[in-house]
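A.B. asks: sharing a model prediction with you, sequence too.
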Amino acid sequence: MEKKRILITGKGSYVGTSFMSWVKQWPEQYDVEELSVRGEAWKEHDFSVYDVVLHVAGIAHMKESARNAELYNVVNCDLTISIAEKAKKQGVKQFVFLSSMSVYGIEDGIITSDSIPKPKSYYGISKYQAEEGLKKLETADFKIAIVRPPMVYGADCTGNYTKLAKLAVKLPTFPNFDNKRSMIYIDNLSEFIFYLVKVNASGIFLPQNAEYVSTSEMVRLIAEANRKKVKLTKFFNLFIKIFKNKIKTINKMFGNLIYEPIDIFEYSIKDFKKTIYLTERGK
């Protein structure tokens with residue numbers, strides 16, 4: 001059986017490097033390489049030897065301002081389309097694009113497979129524009145798979161999970177507030193992307209853990225994994241209810257933001273409690 005060759009465009013990215021490690025479980029069937037797409041050197045790289053391009057390069061965790069609006073567009077949209085055009089021209093069969101839940105522009109609510117994207121942030125807008133450009137390139141011989149994950153977490157991740165984890169090990173008390181959020185553990189996301197590559201899938205995909213996440217329960221588990229104890233209290237709940245939709249930070253922490261369950265196959269291979277333990281102990 002001939003090996004399937006995968007090129008990850010975006011060297012050193014969290015998702016890309018994690019995916020490469022994951023696929024090493026099947027060395028007889030898959031070859032995976034990373035390629036830096038900073039600068040112009042990538043344009044000289046031969047894409048014709050690859051079956052799949054997994055594009056993960058982009059900018060995300062940067063404070064948005066009018067000054068960097070164009071940078072989001074150049075990196076997250078224009079670069080993505082340029083790489084896809086090269087991949088198509090040189091005979092790559094599948095292009096997998098790591099997009100984001102941010103394309104929906106929703107801060108509180110339920111997202112379904114019928115929800116229409118209405119991005120608000122520069123990040124979300126640039127990702128959605130890239131998606132629209134990629135769709136125009138798709139043919140029967142060049143499949144486009146767009147992945148819109150919610151918050152990704154795992155050992156050594158960056159972003160909102162890291163900020164919350166720091167609070168969890170420092171605070172003696174934390175609100176006991178019932179909310180639900182979609183998240184995805186890095187190994188579950190790697191398994192999901194691996195499935196898309198394996199079956200040469202195309203379309204738009206909304207992967208998530210099998211379980212919705214309560215912020216309060218997540219903080220409790222993070223503290224527990226670090227051999228700390230945090231007391232959950234309902235004392236702050238009225239304040240949270242009043243200001244949840246008025247203060248963005250509170251809504252981000254205690255609002256509800258979920259994908260409706262969409263069963264494709266069993267890719268959520270690790271349950272939530274175990275993923276928190278693995279994330280914290282793996283630091």
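C.D. replies: Good, I have the coordinates.
A.B. asks: okay, CA-based contacts and neighbour counts for the rest of this
C.D. replies: Fine.
A.B. asks: quick one, helices of the stretch 151-283 of the chain?
C.D. replies: Here the stretch 151-283 of the chain has its helices, by DSSP state H, counting those that start in this stretch, at 160-170, 186-198, 215-225, 237-243, 248-254, 272-281.
A.B. asks: tell me which of those helices sits most buried.
C.D. replies: Most buried of the helices of the stretch 151-283 of the chain, by mean neighbour count (mean count of other Cα atoms under 10 Å): helix 215-225, with a mean of 22.
A.B. asks: that one packs against which elements?
C.D. replies: Using 3 or more Cα pairs under 8 Å, 6 or more residues apart in numbering; DSSP states H and E, the elements in contact with helix 215-225 are helix 160-170, strand 173-175, helix 272-281.
A.B. asks: how much space between G203 and G282?
C.D. replies: Distance of G203 to G282, computed by Cα to Cα, to the nearest Å: 33 Å.
A.B. asks: coming back round to it: between the helices of the stretch 151-283 of the chain, which one is nearest to E85?
C.D. replies: helix 186-198 (18.8 Å; Cα to Cα).
A.B. asks: what's in contact with that closest one?
C.D. replies: With Cα atoms under 8 Å, 6 or more residues apart in numbering as the test, helix 186-198 has contacts from 15, 18-19, 22-23, 52, 94, 96, 145, 149, 152-154, 202, 207-209, 267-270.
A.B. asks: mind giving me the PyMOL select for those, buried ones only?
C.D. replies: The buried residues among those can be selected in PyMOL (16 or more other Cα atoms under 10 Å) with this line:
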select buried, resi 15+18+19+23+52+94+96+145+149+152+153+154+202+207+208+209+267+268
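A.B. asks: export the helices of the stretch 151-283 of the chain to TSV and tack on mean pLDDT and distance to A41?
C.D. replies: Formatted as TSV, the helices of the stretch 151-283 of the chain follow (pLDDT from 0 to 100; distance: least, Cα to Cα, whole Å):
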stretch	mean pLDDT	distance to A41
helix 160-170	93	33
helix 186-198	96	26
helix 215-225	97	42
helix 237-243	94	49
helix 248-254	92	39
helix 272-281	95	35
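A.B. asks: how about the residue of the chain most remote from its centre, what does it touch?
C.D. replies: Ranked by distance from the centre of the chain (Cα atoms, centre = their mean), the top residue is F235, with 33.3 Å. The neighbours of F235, taking Cα under 8 Å, 6+ apart as the test, are P175.
A.B. asks: now stretch 5-18: buried residues?
C.D. replies: So, applying 16+ other Cα under 10 Å, buried residues of stretch 5-18: 5-11, 13-18.
A.B. asks: hmm, back to that, would you list the helices and strands packed on helix 215-225 in JSON lines and tack on distance to R227?
C.D. replies: As requested, the helices and strands packed on helix 215-225 are arranged in JSON lines below (distance: least, Cα to Cα, whole Å):
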{"stretch": "helix 160-170", "distance to R227": "9"}
{"stretch": "strand 173-175", "distance to R227": "15"}
{"stretch": "helix 272-281", "distance to R227": "10"}
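A.B. asks: circling back: turn the helices of the stretch 151-283 of the chain into a markdown table, columns for distance to V74.
C.D. replies: Putting those into a markdown table (distance: least, Cα to Cα, whole Å) gives the following:
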| stretch | distance to V74 |
| --- | --- |
| helix 160-170 | 24 |
| helix 186-198 | 25 |
| helix 215-225 | 34 |
| helix 237-243 | 36 |
| helix 248-254 | 27 |
| helix 272-281 | 33 |
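A.B. asks: the ones you listed: which one's closest to W42?
C.D. replies: helix 186-198 (22.2 Å).
A.B. asks: now the closest one: how far from the chain's centre is it?
C.D. replies: 11 Å (Cα atoms, centre = their mean, to the nearest Å).
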